[in-house]
Every structure is written in C-alpha cells, then in structure tokens.
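Novice: Need the 3D shape of this:
(chains A and B, ligands or ions: 2)
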Amino acid sequence: MTEWHDAAATDALSDDEVMGLSIAGVPVALFRQEGAFFALHDLCSHGAARLSDGFVENGCVECPLHQGLVDIRSGAPCSAPITEPVRSYPVRVVGDRVEIALNR
Amino acid sequence: MTAMLTAMPENDATYVVVGGGQAAAWIARTLRAEGFAGRLVLIGEEPHWPYERPALSKEFLRGTGSVEAITLLNATLAEEAGIECWLGQRVTAVDREARVVTTADGRSVAYDTLFLATGGQARRLPGLDAVPAERVHTLRTLTESERLRGALAGAKHLLVLGGGWIGLEVAATARALGVAVTVVEAAPRLCARTMPPVVSDWLHTLHEANGVHVLTGTGVAGVTGTADGVAVTLADGGRLDADHLLLGIGIEPEVGLAAAMGLALDDGIVVDAQGRTSDPRIFAAGDVARHPNAFAGAALRLESWANAQNQAIAAARAALGGTGVYADIPWFWSDQYGVNVQMLGLPGLGTRAVARGTPEAGSGCWLMLDESGIAVGAVAVNAARDLRVLRKLLEDGRAPLPDAWADTATPVQRLPSRPNVGMD
Ligand SMILES: Cc1cc2nc3c(=O)[nH]c(=O)nc-3n(C[C@H](O)[C@H](O)[C@H](O)COP(=O)(O)OP(=O)(O)OC[C@H]3O[C@@H](n4cnc5c(N)ncnc54)[C@H](O)[C@@H]3O)c2cc1C
Ligand code: FES
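Specialist: Ligands and ions are numbered 1, 2, ... in the order given. Okay, the predicted model is just below:
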C-alpha cells in the first residue's frame, strides 16, 4: 500500500518554482509546473548537488553545480553531463495540501 | 538541443577521435547519440578510460573520490555504443592526403572525418633536471594525482609554484590533509590572468585564513634538490625548503600533431563556431581549440570543463551535418575549502565590481563592468543561483541595473535590467 506523506501547502509554490524538503529523512525537491506538482529525489545523479537549488526552465531543472538538465516530470536526464535518471516520486493533492509517496 | 541533421554520413564512414580526455569522450558519445552508424574509433594516449579532471585537485586528491565517479566512458558503455577505444596509444602522424591516422605502435586507420581533442600538457620549468624527479609534481592526469596524493601523505611542507586555479586548489586540498603550504606567484596577485583584483584579494585572504603562506610578486631564481626535499631560491635572495614541489604554472595546448599536419594554429588549433579546423574534414574541441566566442567578440582558447564538454558536443553534431554553433558564455568553477566559486564571462576584463551580498565573506556575487558600463562577467561565491540568473540575462543581451544588482531585498529573478551595451 502506498504511504502518502504530507509535504507542503498547495500555495507554497508558484509555477516554475521549486522547494527542498526532507520527508521521512529523504531529501525531496518539490516542483510546480502549470499548476501541477512533481517531486524528484533532491540529489543530482551526477554529483553532490541539490536539485532544489537549481534553476527551473522549460520543464527542466538545471543542476546548480554543472548545469546538467533533468526533466521535472519524469526525472529523465536531458543534457550533459547528467546521463542517469533521477528518481521521481508520486505526488497527489488532497484539499490544500501536497502529498508525496516515497515507496513505489 | 538537437540541431537539424542535413547530411547524415553513410554507414560505412569511419570517424576517428584523437585524444582520450573529456572532449574526446563527449565527441564519441554524441556521435552515437545523434545516430552516427559508421565505424567510430577513439585513440587516447593515457592508459585510463576517458575521465573528467576537476576532481584530480579536489576530492580525488584528498582521497574521498573514486575513479568510477569521474569516468566518462568504460568498457561496458563503449561496447554498448560501439566505440572502438585504442587506449594507451599515441597518434604520431596523420596523412591528410590519404586520410590515415598512425599510432606510435604502428597501427593505422583511415578516416572520413577526424577530431582532434588532444587537450594540453602541464608546463614544466626548465633547469629542474638536477632535482630528484619524485620531488617535483605537475597535475594533469589521474596518474599524477595519485602520485601527488602519495607524496602528500608523507609530507610536512608543500611548495606550490604558481598562484592560478590548479595551484590554489592543490593548496586547499593539502591544507585539508594537514600539510603546510607555501604558494609562490610571480605576478603581483593570484589568478591575475583571468580575475579582477577584487577576486585576487579575496582568494589571497581565503588562503591565508586557512594557513597558507602566500607570496605574490615573487620570482624564482632556482630550484635545487636536497637530501630530503627541494629548496627554492627566490629572486629576492630568500630560500624556501619543502618536501615536495608542485608546478602549477599553466598548460601548453597539445598542438604538435596539428602543427605537423599543417592546420592553422594560433596558440591552439584555430576552429570556427562549429569546431571545424582549416581542413573541413577535421574538427577540434576542448582545451586545444581556439574558437570565435560570440560573447567575448573575440577568439578564445578556454581551459574549462564546460568548454570541453559543450564544444565537443557541438563539433560532433556539426560533423553529422548539424547547423548549430557553439555559443556558450565562458563558465568555470572551482572548489576550495568547501567554497564553491563560479565564474561567468570574462570577469578579468572588468574595471568596476558591483557586489550582490557579501562574496568576500562567503556568499554573494561580483558583477564586473568595464569602463563603458558593459557587464563583462561575474564571479559568484557560494551563489550559483545568482550567477545562473545573470547568465540568462547575458544570453539575452541584457544586464541587471548595477544598483539593483547590489540590492538583495529584490529577488534576483525580478531585478530590473537593460540592454548590455555601453552607457555613454
Ligand atoms: C587538476 C585539474 C582540475 C581542474 N578543475 C577544473 C574545474 O574545477 N573546473 C573547470 O571548469 N575546469 C577544470 N579543469 C579543466 C578541465 O579539466 C579541462 O579543461 C578539460 O579536461 C579539457 O578537456 P580536453 O578533453 O580538451 O583535454 P584533456 O583532458 O587534456 O584530454 C586530452 C587527452 O588527449 C590525449 N592526447 C594528447 N595527444 C594525443 C595523441 N597525439 N594521441 C593520443 N592521445 C593524445 C591526452 O593524453 C589526454 O588524455 C581542471 C583541470 C585539471 C588538470
Ligand atoms: S552534480 Fe549535477 S550536473 Fe554535476
């Protein structure tokens, strides 16, 4: 069974914004894109950088360390030097709260 | 961005990449990722699989990194992608008429398209022959980083000749390992070739605060070996003793092959914005290539990780018929004492620094303006985000209003900006 964790208020983020969270000890980057929420593991698959410190543009987040791009919706690598996907977590909205599932 | 491919080569074409470093690896990977289906041969002189060098003066030197973490291509990836890698082999000749590449051990391969990504070699000082080789270090390769790490493990005092980025990073890592460090720089300030005085001064203070003895404006008259180390005589007559000597005095682009081939050279191999040399079948990228840089409005040879990667990708695409050009604004980073420094554009050309935050205290970004008020670059200290937003503006031909840049009350994304042109 999926266990949902409370993450943030729906109005905590505007479109194209990102915030770093710690959910049950797991670092999570929560994004908002065109009104919908997406969550990625908050660690770049190329090195020791937080994607929540990154720059959001055109549906991707750019890593602050070496400027690799990751697709916010899927965690897929979009540009060098990132070649491995970043784990993405399921997200749902319940009332005015955003919830994230860590297990899949 | 995938550029339009107009002329994908035939399946029986052979593309050869000379050089086994970062640029070479990205050329080979990109050719395959973009659909090149012919034979692909990468020839590199080092015995290692292609790797990224930045960690060699940082994590890897310190002992907290790994070879896997910096490797760009390994046996599995090469096999999967169909990249024939001839490692540990130096290309000694290229016959441009016959289009044949020959290695030191006499192997040869005919090419349709050739890439030169031969990088550069650490400069050495003349007159060091009498100094025991195990006491003198340069740092360019994984092998040299391992050797220096071994030396630092038993050292009390390291002497670094050259106050540029490599020298300073090694100084920082050596301090973290508990080794005393003296940095001797001939120029009046650190990183003078690329940085404005405000950044040099900050670096000087940062290193002194971490216990490094920094001597700027200090020439070296001679180096001798001693029973258990090295002794350096300074131009002013002073003498410094140390267990080991690191030469951090820059690199020479590896252009020997290109020179013998008769390609156009100018402190590096001259290429166009697509990485094409004076021979249209031959491309070059990375530390060895001098390209027309749109932001600088001048030809530049950059020695940076981002340039090695992105210029290589652009050249590989161009060789497949792509029409895109390499037009990045120069970008470089360094890590010292846990501080992340990022540089954009050509900050050394600036004459006026406008600080956002307090970079000298460990968090902020200097915007550098030239005499006419044009933003020529920036240096961020633990402020990657400020620099990223600035990059976007500069890419769009704009720059923040200087007063607004200094005002941290306004989020960096919302700063008022203007076209990045002279103010007179
Ligand atoms: C210690 C260190 C730290 C660095 N830190 C940073 C940093 O923090 N940030 C940053 O932006 N940049 C950094 N750089 C710079 C960056 O690593 C270089 O710009 C980059 O490696 C250049 O890549 P390249 O492929 O052009 O050249 P190289 O990496 O030099 O690769 C060239 C390769 O070609 C091989 N070769 C040469 N001639 C031949 C031949 N005739 N036949 C076959 N093979 C040949 C060489 O053996 C070498 O392996 C650092 C560099 C070093 C050395
Ligand atoms: S750590 Fe993210 S791109 Fe390198």
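Novice: Please, where are all the strands along the stretch 201-350 of chain B?
Specialist: B:213-215, B:220-226, B:229-234, B:239-242, B:244-247, B:251-253, B:269-270, B:282-284, B:289-293, B:298-300, B:331-336, B:339-345 (DSSP state E, counting those that start in this stretch).
Novice: The fifth one pairs with which strands, and in what direction?
Specialist: In its sheet, strand B:244-247 lies beside strand B:136-137 (parallel), strand B:157-161 (parallel), with partners assigned from DSSP bridges.
Novice: What lies in contact with that strand?
Specialist: The set of residues external to strand B:244-247 that reach it, using C-beta atoms under 8 Å, 6 or more residues apart in numbering or on different chains, is B:122-125, B:131, B:135-139, B:148, B:151-152, B:155, B:158-162, B:167, B:170, B:223, B:229-230, B:232. C-betas here are computed from N, CA, C, even on glycine.
Novice: Show me how to select, in ChimeraX, the buried members of these.
Specialist: If you want just the buried ones from these in ChimeraX, going by 16 or more other C-beta atoms under 10 Å in any protein chain shown, the selection is:
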select /B:122,125,131,135,136,137,138,139,148,151,152,155,158,159,160,161,162,167,170,223,229,230,232
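Novice: Of the contacts of strand B:244-247, which ones also sit close to ligand 2?
Specialist: Within the set of these, contact with ligand 2 (C-beta under 6 Å from any ligand atom) is found for no member.
Novice: Let's have the strands paired with strand B:244-247 in CSV, adding mean pLDDT.
Specialist: Converted to CSV, those look like this (pLDDT from 0 to 100):
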stretch, mean pLDDT
strand B:136-137, 97
strand B:157-161, 98
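Novice: if I look at the residue nearest to residue B:10 when sequence neighbours are not counted, how far off is ligand 1?
Specialist: For residue B:10, the nearest residue in space outside its immediate sequence neighbours is residue B:38; the separation is 6.8 Å by C-beta to C-beta, 6 or more residues apart in numbering or on different chains. According to C-beta to the nearest ligand atom, to the nearest Å, residue B:38 stands 21 Å off from ligand 1.
Novice: cool, and residue B:388?
Specialist: Between residue B:388 and ligand 1 the distance, using C-beta to the nearest ligand atom, works out to 15 Å.
Novice: Would you mind giving me the confidence score for that residue?
Specialist: Taken from the predicted model, the pLDDT recorded for residue B:388 is 93.
Novice: Repeat that for residue B:4.
Specialist: The predicted local confidence for residue B:4 comes out at a pLDDT of 49.
Novice: just checking, what packs against the longest helix anywhere in chain B?
Specialist: The residue-count maximum for a helix in chain B (DSSP state H) belongs to helix B:305-319. Here helix B:305-319 is seen to pack against helix B:22-33, strand B:113-116, strand B:282-284, strand B:331-336 when contacts are counted using 3 or more C-beta pairs under 8 Å, 6 or more residues apart in numbering or on different chains; DSSP states H and E.
Novice: Say whether ligand 1 is contacted by the last one.
Specialist: Yes - Strand B:331-336 lies within reach of ligand 1 by C-beta under 6 Å from any ligand atom, at B:332-334.
Novice: Just name the most buried of the strands of the stretch 201-350 of chain B.
Specialist: Greatest average neighbour count among those goes to strand B:282-284 (a mean of 28), per mean count of other C-beta atoms under 10 Å in any protein chain shown.
Novice: how many degrees apart are the longest helix of chain B and strand B:289-293 in direction?
Specialist: Relative orientation of helix B:305-319 with respect to strand B:289-293: 90 degrees, computed using axes from the mean of the first three to the mean of the last three C-alpha atoms, to 10 degrees.
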